[in-house]
Every structure is written in C-alpha cells, then in structure tokens.
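*Asks:* predicted model, plus sequence, below.
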Amino acid sequence: MELAKANAIAEELQRYLSWGCERIVIAGSIRRQKPEVKDIELLCVPAFGGIVGEVNKLDEAIVDMLMSGHLSYRLNKRGQRTYGDKNKFMVHKPSGIGVDIFCTDKENWGMALFIRTGPKELNIKAMKRFMELGMKGHAYGGVSIGEAMMECPDEETVFKLLGWKYLLPEQRNGTT
C-alpha cells in the first residue's frame with residue numbers, strides 16, 4: 001500500500017486506540033517513510049485500570065474496534081490467532097492491511113521503538129553489536145549485561161549503548 005494511504009489508516013487507528021494506552025506511536029516502515037508499506041505497526045504502553053482489578057484498556061479499545069468492524073483477528077499459518085500480552089496481530093477490515101500492535105513498558109520504550117521501527121537488517125546489526133560489546137538486546141526488555149537489565153526509556157539511549165550516532169527513522173536502513 002502507498003505510504004500516504006497506510007499512514008492515514010495508521011493515524012486513524014492510533015487516535016482510536018489512544019484511550020487505551022499510556023503511550024502509542026506509529027512504527028515500522030511508515031515511521032521510516034518508506035513509499036510502499038506492507039503492514040501497519042503500532043507500539044503501545046497499555047493503560048490499566050478499572051473498578052474490579054487491573055483491566056487492560058488497550059484490549060478494551062481493540063474489542064470496540066472488533067465489534068465495530070474496523071479490525072478483525074489475523075490468523076497465522078495454522079489458522080490460529082496471534083493475540084497476547086505483547087503481540088496483537090490484526091487486520092484493518094476496510095482496507096485489508098495487516099496491523100501489528102506491539103506492547104512494551106515505559107522503562108523499555110526506547111528499545112522496543114528501535115526494534116519496531118526497524119528495518120530488520122539494522123536490528124540484526126544492532127543485536128550483533130550488542131554481543132560484541134558484551135551485552136544482549138531484548139525487543140521487549142531493554143538491554144542486559146549479564147543478569148543486570150539496563151532501562152532504555154528512549155531511542156537515544158539505545159544508540160548510545162551501541163556506540164552509534166543517532167539516526168532519524170527515515171535515515172535507517174540495513175547498511176547504517
């Protein structure tokens with residue numbers, strides 16, 4: 001799908017789901033401003049609350065979109081849903097484009113955003129670099145050195161840990 005159309009759909013989804021999130025951003029190829037987009041990726045920190053226990057407000061927002069016909073579950077190759085605490089794979093029904101909703105926490109927002117922005121080649125390069133530095137990168141859990149976890153609240157922290165100059169999303173490719 002062309003970038004402008006995918007971005008408009010992503011912004012609509014972001015607006016609607018925002019009431020269920022502490023934080024939500026459009027990631028992936030849309031954030032990198034690629035002319036052609038295969039799917040929409042959203043990164044969220046779900047909001048929790050409610051009268052009876054801690055209800056995941058993002059899940060409530062998604063149910064609303066399922067009921068209204070804007071989203072449906074995307075089935076994997078075995079015909080099963082991929083819908084859990086961290087990954088929620090959906091389809092935007094009016095357009096048919098896939099929607100990947102990834103969840104993280106505030107402390108590790110930066111690492112999750114780095115990974116979910118991509119591209120895949122840069123993520124692979126980053127994970128190799130972390131290993132060279134005696135660290136390990138985790139898509140949902142920051143960066144670790146041995147058993148010690150380091151918080152990554154923003155992407156700038158990730159780039160600093162890698163020893164790399166910060167790159168804007170549209171500058172990121174597999175060779176940088």
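*Replies:* Yep, it's here.

*Asks:* quick one: low-confidence parts of the protein?
*Replies:* Scanning the chain for pLDDT under 70 picks out the ranges 51-53, 174-176.

*Asks:* ok, residues contacting the longest strand along the chain?
*Replies:* Secondary structure assigned by DSSP state E gives strand 39-46 as the longest strand of the chain. With C-beta atoms under 8 Å, 6 or more residues apart in numbering as the test, strand 39-46 has contacts from 6, 9-10, 13-14, 17, 20-31, 56-59, 92, 97-106, 109, 112-113, 116. Where C-beta positions appear, they are placed from N, C-alpha and C, glycine not excepted.

*Asks:* partners of it in the sheet?
*Replies:* Sheet pairing of strand 39-46 (DSSP bridges) gives strand 21-26 (antiparallel), strand 98-103 (parallel).

*Asks:* pick the most buried one from the ones you listed.
*Replies:* Mean neighbour count (mean count of other C-beta atoms under 10 Å) peaks for strand 98-103 among the strands paired with strand 39-46, with a mean of 20.

*Asks:* show me what counts as buried in stretch 156-170.
*Replies:* 157, 158, 159, 161, 162, 169 (16 or more other C-beta atoms under 10 Å).

*Asks:* sorry, that was for stretch 48-60
*Replies:* 56, 57, 58, 59.

*Asks:* from the residues you listed, which two are the most distant?
*Replies:* Using C-beta to C-beta, the buried residues of stretch 48-60 reach their maximum pairwise distance at 57 and 59, which is 7.3 Å.

*Asks:* got any residues that touch both of those two?
*Replies:* 20, 46.

*Asks:* how near is the spatially most central residue of the chain to residue 87?
*Replies:* Taking C-alpha atoms, centre = their mean, the centroid of the chain lies closest to residue 43, which sits 3.2 Å from it. Distance of residue 43 to residue 87, given as C-beta to C-beta, to the nearest Å: 11 Å.

*Asks:* what touches both of the two?
*Replies:* 102, 103.

*Asks:* show me the strands in the chain, by range?
*Replies:* Ranges of strands within the chain are 21-26, 39-46, 48-49, 55-56, 71-73, 87-92, 98-103, 136-138, 142-145, 148-150, based on DSSP E.

*Asks:* tally of neighbours for residue 123?
*Replies:* Look at residue 123: counted by other C-beta atoms under 10 Å, it has 18 neighbours.

*Asks:* OK, contacts around it?
*Replies:* Residue 123 neighbours (C-beta under 8 Å, 6+ apart): 114, 115.

*Asks:* the domain parsing of this structure - what is it?
*Replies:* The record's domain split for the chain, according to automatic domain parsing, is 3-103, 106-171.

*Asks:* return the member of the buried residues of stretch 48-60 nearest to residue 127.
*Replies:* residue 58 (27.2 Å).
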